[in-house]
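J.: Here is my input, please return the structure:
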Amino acid sequence: MTEPRTTPVRVVIVDDHAMFRSGVRGELTTVGAGSVEVLAEAADVDEALAAILAHQPDVVLLDVHLPGGGGVEVMRRIAASPRPGSLVPCFLALSVSDAAEDVIGTIRGGARGYVTKTITGPELVSAIQRVAEGDAVFSPRLAGFVLDAFAGSIDVSAVDEDLDRLTEREREVMRLIARGYAYKEVAKELFISIKTVETHMSSVLRKLQLSSRHELTRWASDRRLL
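T.: Model (predicted):
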């Protein structure tokens, strides 16, 4: 049986939204007082790498979409960084995205778990503690994606190949449009103009060789991206 931990789990928060990082830090400081210690924050891949190497956290709370290459790039660069005697952190993805390709890609990249930003403070503290102890942690719906991928019912290679054609912003627009959002709603959600949404949508349809948002919804649904 694993001995109960007697020291706080040391955490670095990586997310490109300062207000979200501040909220997570406040929640962990309040709810996780005595059991979780936030060491540092980072807003992009380079900052994340520097913070992780400098502070040697037990767990890295990692957003999937980041400037500079995304959460998978952070894990790749940490794995490639020579750190004799250094602690290798566990990575727990904390993302607004619940799409299959993000979940599967992030786990394949080295994360020990994946939870969405709808998680409560106590649930997040528990997830951090469990990952630090070596458990794999997923929000309930997301665990199904991982099981399906290993069972072969999701063709991960086909999903990756299609999505590789799209930029990160195009993926965001694609997912919202496929979920039934109006252009105006997408613009508000992503803080961009309606004209920009229209431009991205046209590019998505062209790259995926689709002719309408109805075809896009069917395409995304078939690939478990909604």
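J.: From here on, just use CA atoms for contacts and neighbour counts.
T.: OK.
J.: Next SSE downstream of the helix or strand hosting residue 176?
T.: According to DSSP states H and E, residue 176 maps onto helix 168-178. From helix 168-178 onward toward the C-terminus, using DSSP H and E, the following helix or strand is helix 183-190.
J.: and residue 212, what does it touch?
T.: residue 205 (C-alpha atoms under 8 Å, 6 or more residues apart in numbering).
J.: Have a look at the chain and report the helix or strand with the lowest mean pLDDT.
T.: Between all helices and strands in the chain, the lowest mean by mean pLDDT, DSSP states H and E belongs to helix 156-163, at a mean of 58.
J.: gap between the helix holding residue 176 and the chain center?
T.: In terms of C-alpha atoms, centre = their mean, to the nearest Å, the centre of helix 168-178 is found 15 Å from the chain centre.
J.: Centre-most residue in the chain?
T.: Per C-alpha atoms, centre = their mean, the C-alpha nearest to the average position across the chain is that of residue 64, at 2.8 Å.
J.: Let me see the contact set for the nearest residue to that residue once chain neighbours are set aside.
T.: What sits nearest to residue 64 in space, not counting adjacent residues and going by C-alpha to C-alpha, 6 or more residues apart in numbering, is residue 71, at 4.6 Å. Neighbouring residues of residue 71 by C-alpha under 8 Å, 6+ apart: 45, 62, 63, 64, 65, 93, 106.
J.: Nearest to residue 121 among those residues?
T.: Nearest to residue 121 among the contacts of residue 71, counting by C-alpha to C-alpha, is residue 93 at 15.0 Å.
J.: re the thing from before, return the distance of the residue nearest to residue 64 relative to residue 114.
T.: Residue 71 is 12 Å from residue 114, where distance means C-alpha to C-alpha, to the nearest Å.
J.: Now the common contact residues for those two.
T.: 93, 106.
J.: mind listing what's buried in the helix or strand hosting residue 204?
T.: Assessed by DSSP H and E, residue 204 sits inside helix 194-208. Under the neighbour-count criterion of 16 or more other C-alpha atoms under 10 Å, helix 194-208 has 194, 197, 198, 200, 201, 203, 204, 205 buried.
J.: Over to stretch 212-225?
T.: 213, 216, 217, 219, 220, 223, 225.
J.: and what of stretch 97-113?
T.: Buried residues in stretch 97-113, counting neighbours by 16+ other C-alpha under 10 Å, are found at 97-107, 109-113.
J.: mean confidence score for stretch 181-189?
T.: Across stretch 181-189, the average pLDDT comes to 91.
J.: what are the C-alpha coordinates of it, in PDB please?
T.: Provided in PDB are the C-alpha atoms of stretch 181-189 (Å, rounded to 0.1, in the frame of the first residue of the first chain):
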ATOM      1  CA  TYR A 181     -23.000  27.900 -33.100                       C
ATOM      2  CA  ALA A 182     -24.000  30.800 -35.300                       C
ATOM      3  CA  TYR A 183     -21.100  32.900 -36.800                       C
ATOM      4  CA  LYS A 184     -22.000  35.700 -34.400                       C
ATOM      5  CA  GLU A 185     -21.700  33.300 -31.400                       C
ATOM      6  CA  VAL A 186     -18.400  31.900 -32.600                       C
ATOM      7  CA  ALA A 187     -17.000  35.500 -33.000                       C
ATOM      8  CA  LYS A 188     -18.100  36.300 -29.400                       C
ATOM      9  CA  GLU A 189     -16.700  33.000 -28.000                       C
END
